[in-house]
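1. Got a predicted structure here, sequence first:
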Amino acid sequence: MKRDRRTEMRVIRAAIADRDVRADLIWAEVIGECVQRGARTVMAFVGVGTEPDTSNLIAGLQTAGFVVVLPWVEGQRIVAATYDSSAPMAAGRYGIPAPAGDPVDPEEIDVVIVPGLAFTRDGRRLGQGGGYYDRFLPLLTERCTTIGVCFHQQLVDDLETLPHDRIVDLVVTDGVRE
């Protein structure tokens, strides 16, 4: 069931036009949430393929004065590392660029921006299927806010969840209706 839903949501996301413009709408909301919540350290991600392009998000977070950390995969887990725009990114697992900065203790992170193939309004998430975020999110403190991000076409009424699936605190979309 989840496998079929992933395939469906990948097709839907791939068909979205003007992804860059829509991504910027998402990032404006996300940065506003980070400011409102008094965050200091924010973990973003590097958007690849048909995911929202996160380059403007990362630049916007840095401009706003946040410490930006990005994930890289080590074995079966996510490691958060400091992002330095002047340092080249390393080739990470699955072809996802990874930061070369120092590892950051998950307890130091105030906001985590979580990618997904689909979300529900109450924060249930359909990821890529590797379980990396489901293993990482429990390492955060209670004060850390998790924000799921997606295009509005990826917001669904219901998702199958399993006991290990982690729910995000807030979901932000582009809010654009076609």
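-> Happy to help now that I have it.
2. contacts, neighbours, all on C-alpha from now
-> Will do.
3. Torsion angles phi and psi at residue 82?
-> The phi/psi pair for residue 82 (degrees, to the nearest 10) reads phi -60, psi 140.
4. and it, how far is that from residue 157?
-> Distance, residue 82 to residue 157, using CA to CA, to the nearest Å: 35 Å.
5. Equivalent analysis for residue 127, please.
-> For residue 127, the distance to residue 157 equals 16 Å [CA to CA].
6. Could you check which of those two is surrounded by more residues?
-> residue 127 (19 against 11; other CA atoms under 10 Å).
7. distance of the more buried one from residue 175?
-> Applying CA to CA to residue 127 and residue 175 gives a distance of 20 Å.
8. Point out where the chain drops to low pLDDT.
-> 176-178 (pLDDT under 70).
9. now do 80
-> For the chain, the stretches with pLDDT under 80 are 1, 93-95, 176-178.
10. Show residues contacting the longest strand along it.
-> Longest strand in the chain by number of residues (criterion: DSSP state E): strand 67-74. Contacts with strand 67-74, where a contact means CA atoms under 8 Å, 6 or more residues apart in numbering, come from 40-46, 58, 61-62, 78-83, 92-93, 97-99, 104.
11. Not counting residues beside it along the chain, what's closest to the residue most central in space within the chain?
-> When CA atoms, centre = their mean is applied to the chain, the residue found nearest the centroid is residue 114 (2.6 Å). For residue 114, ignoring the flanking residues on the chain, the nearest one in space by CA to CA, 6 or more residues apart in numbering is residue 148 at 4.6 Å.
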